[in-house]
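Student: Sequence and predicted structure below; questions after.
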Amino acid sequence: METTEAFVGLDCIDCGERFDAETATHRCPDCGGILDPAYDYDAVDVSREGFEAEPFDSLWRYDALLPFHRESAVSLGEGGTPLVECPTLADAMGVDELYIKDEGLNPTGTFKDRGQTGALTAAAQHGADTVALNTAGNAGQAAAAYAARAGMDAHVWLAERAGYTQKAMIEVHGGDLHVVEGEITDAGAAYAERMEEEDWYSTKTFVTPYRHETKKTMLYETVEQLDWEVPDAVVYPTGGGVGLVGMHKGAKEFRDLGLTDDLPGMYAAQAAGCAPVVRAWEEGKSIHEAWGDENITTVLNGIAVPDPGASPMILDALEESG
């Protein structure tokens, strides 16, 4: 397994044990907890000037702070998306400045490409030939595209409420689509049942340790695009929480490496019809209670995740960011 110089393994967020990334591929072998990539930051040699001297062309330009080298990445050119200033919207919301990070310009039209490039690179490093996941939608088309790029097969489970475009694009990219009656919870159950029978490599949210890791580059890019100024707030549409957790980790890394001085406040935005994280935050809890499939009343399928397994990480990020 070829990794970057600073990457030292995977830390379990629950039991605290560190594991070799060669053998610990997904969840903690001891307790089943979520694994988080760890680094020897003394071995990281980065600077503002160094980043500015490189083309702003891919999230893999930050590979000194990622587990894998750019040269070994399963990539379609993801990242390097524009940060669009929106003065009219800022005026309407009563703030001085407001920017939107336009992730629609990623290869499959979604920020999920950032996570799947990391997950599929890990899958390739582990010698996988088939990947699988259940998802609310966009991660499925990204997984299918990146699996095709790597010469792998992809199996994706979606709930029937998922959008037509997501279903179609999974098949356009050569993935095997499994549509399940019900909600994402039902799709997850069908995925889990099949995974008990197959030796497939999961790229599911917080089952692979690498999706949130490559998504932290959204924070890196945003800060660099703001001339190294840290935004006061990052408002993140939150379902499973991969991007929010990743961006908060990236903010801490830039601060601790001396590239910035502060952390942005992180805000989780959820639809009122499926808001388990917001409800837990407002009630002062450290973990969510499942929303319940029968209570989902939103057309925002991409963030309609009633039972996000990483809610403690999301809530910790909100708390730490102030």
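Tutor: Received, thanks.
Student: H288: what's it in contact with?
Tutor: 276-277, 279-280, 307-308, 311, 315 (Cβ atoms under 8 Å, 6 or more residues apart in numbering). All C-beta atoms are positioned from the backbone trio N, CA, C, and that covers glycine.
Student: Also E213?
Tutor: So E213 contacts 36-37, 66-67, 118, 246, 249 (Cβ under 8 Å, 6+ apart).
Student: Can you classify it by secondary structure?
Tutor: Per DSSP: H, G, I helix; E, B strand; the rest coil, the secondary structure class of E213 is helix.
Student: where do the helices sit along the stretch 101-250 of the chain?
Tutor: 112-125, 138-150, 164-172, 184-195, 211-215, 217-225, 242-256 (DSSP state H, counting those that start in this stretch).
Student: For T205, find the nearest of those helices.
Tutor: helix 242-256 (5.5 Å; Cβ to Cβ).
Student: sec struct for the residue lying closest to F56 once chain neighbours are set aside, please.
Tutor: Excluding the flanking residues, the one nearest F56 by Cβ to Cβ, 6 or more residues apart in numbering is G80, at 5.1 Å. Assigned state for G80: coil (three-state reduction, three-state DSSP).
Student: G80 contacts E54, doesn't it?
Tutor: No: using Cβ atoms under 8 Å, G80 is not in contact with E54, being 10.6 Å away.
Student: okay, the two: which has more neighbours?
Tutor: Taking neighbours as other Cβ atoms under 10 Å, G80 and E54 compare with G80 leading, 17 against 10.
Student: need the contact list for that one.
Tutor: Contacts of G80 by Cβ under 8 Å, 6+ apart are 56-59, 61, 221.
Student: how close does A143 sit to L300?
Tutor: 20 Å (Cβ to Cβ, to the nearest Å).
Student: ugh, wrong one, I meant G50
Tutor: From G50 to L300 the distance is 39 Å (Cβ to Cβ).
Student: neighbour count winner among these two?
Tutor: L300 (16 against 11).
Student: ok, the contacts of E213 vs D91, which is closest?
Tutor: Using Cβ to Cβ, these come closest to D91 at G246, 30.4 Å.
Student: quick one: pLDDT of that closest one?
Tutor: pLDDT, G246: 98.
Student: So it sits against K215, correct?
Tutor: Yes: using Cβ under 8 Å, G246 is in contact with K215, at 3.6 Å.
Student: Pick out whichever of these two has more residues nearby.
Tutor: Between G246 and K215, counting by other Cβ under 10 Å, K215 is the more crowded of the two (28 against 24).
Student: so for the helix or strand hosting T88, what's the average pLDDT?
Tutor: Taking DSSP states H and E as the criterion, T88 maps to helix 87-93. Averaged across helix 87-93, pLDDT comes to 97.
Student: ok, now stretch 29-39?
Tutor: 98.
Student: any idea how far stretch 230-243 is from the chain center?
Tutor: Between the centre of stretch 230-243 and the centre of its chain there are 11 Å (Cα atoms, centre = their mean, to the nearest Å).
Student: Counting neighbours, what do you get for P237?
Tutor: 14.
Student: I misspoke; the intended subject was Y99.
Tutor: 16.
Student: just to revisit the earlier point, what about the helix holding T88, distance to the chain center?
Tutor: 28 Å.
Student: That one: which residues count as buried?
Tutor: Buried residues in helix 87-93, counted by 16 or more other Cβ atoms under 10 Å: none are found.
Student: ok, now stretch 294-312?
Tutor: 296, 300-312.
Student: which residues of the stretch 1-150 of the chain score low on pLDDT?
Tutor: Nowhere does the stretch 1-150 of the chain drop to pLDDT under 70.
Student: mind listing the strands for the stretch 201-322 of the chain?
Tutor: 201-202, 233-237, 265-269 (DSSP state E, counting those that start in this stretch).
Student: Deepest-packed of those, please.
Tutor: Among those, strand 201-202 has the highest mean neighbour count (mean count of other Cβ atoms under 10 Å), at a mean of 23.
Student: In its sheet, which strands sit next to that strand, and in what direction?
Tutor: Here strand 201-202 is paired, per DSSP bridges, with strand 130-135 (parallel).
Student: List the neighbours of the strand it pairs with that are in contact with it.
Tutor: With Cβ under 8 Å, 6+ apart, strand 130-135 has contacts from 119-120, 123, 139-140, 143, 147, 152-158, 184, 187-188, 190-191, 194-195, 198, 200-205, 207.
Student: In that strand, which residues are buried?
Tutor: Buried-residue list, strand 130-135, by 16+ other Cβ under 10 Å: 131-135.
Student: now do stretch 267-286
Tutor: 268, 270-271, 274-278, 280-281.
Student: List the ones among those residues that fall in helices.
Tutor: Of those, the ones assigned to helices by DSSP state H are 276-278, 280-281.
Student: Can I get the residues you listed in JSON lines including pLDDT and distance to A6?
Tutor: Putting these into JSON lines (pLDDT from 0 to 100; distance: Cβ to Cβ, whole Å) gives the following:
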{"residue": "P276", "pLDDT": "97", "distance to A6": "35"}
{"residue": "V277", "pLDDT": "97", "distance to A6": "31"}
{"residue": "V278", "pLDDT": "98", "distance to A6": "35"}
{"residue": "A280", "pLDDT": "97", "distance to A6": "34"}
{"residue": "W281", "pLDDT": "97", "distance to A6": "33"}
